[in-house]
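Undergrad: What shape does this take:
(one chain, ligands or ions: 1)
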Amino acid sequence: MSPCRDTSLCHAAICVQTRQYRAKRASRAWHGTCFISIDPFYARRRPLFRPGRDSGITRPKRERSGRHPGCWRHRTMALLRTNTSETHIFHRHMLSVALLLLWIVCLVLTVERNTQAPLFVLHENSSRVTRLAQHDWRRASDWLAGRKYAVLTFDDGPYGQGVDEQILDVLRKHHAHAIFFVICNHLDKADPGLLSEFERSGHVIGNHSYDHLKLTKLSAPELHQQIEGCSERIAMATGHRPAYFRPPWGITSAVVKQAAESSGMQQVLWNANSQDSWQNKPEQILHWSLEQTEDESILLMHSKPTTVAVLDETLTKLEERGFEFVLPGQLSAERSYD
Ligand SMILES: [Zn+2]
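TA: Here you go, the predicted structure:
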């Protein structure tokens, strides 16, 4: 507001306003309203003008003109004016989109958190598992939460000397379940109740042949004895026949696979190898286990002391990477999608 030096030349209203302005300017209450009580941020940035005390301080031009940018009212009006700009409209829409996405993420995470874990079946190539057909919400939830799944398998047991019990203890600690592919002639020297203890703990017993021979080199009767003989031996120990078969060293053929399927088993290979069949250093077993395990992997390990030495650390580090340890359902991938 411009100063009114000659009231006779001014419009009456302006003079009235000018007088009111000067009256307010002389009042500490006016300054208190604008600079102290309502806008402490502005009061910190601008020195408080105190008429009669700080006579050397000059009021800024914008304040002398009657516009008080520090006042909440003027700042609010300025904000409202900018609200009509295209930039603000764009930002407002972006904010809406961001809030919508955040809501969807929260919905996915909360809805799927307490639902049942996904079901897995063997992939048709037998070297990994795949999800049973289910709603994509679960897949999205797992992706957002960083959850991954792997199947743990232990070959060549029972080892004896307490190694099998140590494996059970570590798995129990991590609430993990595994498939134990046993060599049936190892059962001769094992505790008769060991396989039943495996199953009571929620693990699965698989057939790894009777004598761990190269099955592709065997005649039909010998192959039958190696596969069927071991299944019968397992059935005697557990009360039921095994559902999974793993050929020794993973060496298989169409004939071997057909023989396993004729005995009511699915062939299970692997796509992640801990390399513990030949590595003697536990840290190397840990390295390869972490290096090769991916989502929906089947991890190959063996029932042996060097593997037990790093099993706890291996599972801990995999869990830190979001892994949960699951068992495949006893359906093939092809049948499950019928
Ligand atoms: Zn083996």
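
Undergrad: what residue ranges in the stretch 51-200 of the chain score low on pLDDT?
TA: Across the stretch 51-200 of the chain, the ranges flagged by pLDDT under 70 are 51-73, 76-86, 107-117, 133-135.

Undergrad: rerun that using 50 as the cut-off
TA: 57, 61, 63-65 (pLDDT under 50).

Undergrad: Contact residues of it facing the ion?
TA: 155-156 (CB under 5 Å from the ion). All C-beta atoms are positioned from the backbone trio N, CA, C, and that covers glycine.

Undergrad: Then the stretch 201-338 of the chain?
TA: So the stretch 201-338 of the chain meets the ion at residue 248 (CB under 5 Å from the ion).

Undergrad: Smallest gap between the stretch 201-338 of the chain and the ion, at which residue?
TA: In the stretch 201-338 of the chain, the residue found nearest to the ion is residue 248; the distance is 4.8 Å by CB to the ion.

Undergrad: separation between residue 285 and residue 303?
TA: 13 Å (CB to CB, to the nearest Å).

Undergrad: got it, and residue 206?
TA: 12 Å.

Undergrad: Report all helices and strands that the lengthiest helix in the chain contacts.
TA: Of all segments of type helix in the chain, defined using DSSP state H, the longest is helix 86-113. Helix 86-113 makes packing contacts with helix 136-145 when contacts are defined by 3 or more CB pairs under 8 Å, 6 or more residues apart in numbering; DSSP states H and E.

Undergrad: Relative to the very next helix or strand once past the helix it packs on, what are the paired strands and their orientations?
TA: Later in the chain than helix 136-145, the nearest helix or strand by DSSP states H and E is strand 148-157. Strand pairing for strand 148-157, determined by DSSP bridges: strand 178-182 (parallel), strand 297-302 (parallel), strand 323-325 (parallel).

Undergrad: The helix or strand just after strand 148-157 to strand 297-302, inter-axis angle?
TA: On the C-terminal side of strand 148-157, the nearest following helix or strand under DSSP H and E is helix 163-173. Angle of helix 163-173 versus strand 297-302, following axes from the mean of the first three to the mean of the last three CA atoms, to 10 degrees, is 150 degrees.

Undergrad: With only the CA atoms kept, save helix 163-173 in PDB.
TA: Only the C-alpha atoms of helix 163-173 are listed here, as PDB (Å, rounded to 0.1, in the frame of the first residue of the first chain):
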ATOM      1  CA  VAL A 163      25.700 -87.700  10.900                       C
ATOM      2  CA  ASP A 164      22.000 -88.300  10.000                       C
ATOM      3  CA  GLU A 165      20.800 -87.200  13.400                       C
ATOM      4  CA  GLN A 166      22.900 -84.000  13.100                       C
ATOM      5  CA  ILE A 167      21.200 -83.200   9.800                       C
ATOM      6  CA  LEU A 168      17.800 -83.800  11.300                       C
ATOM      7  CA  ASP A 169      18.700 -81.400  14.200                       C
ATOM      8  CA  VAL A 170      19.800 -78.600  11.800                       C
ATOM      9  CA  LEU A 171      16.700 -79.000   9.600                       C
ATOM     10  CA  ARG A 172      14.500 -78.900  12.700                       C
ATOM     11  CA  LYS A 173      16.200 -75.700  13.800                       C
END
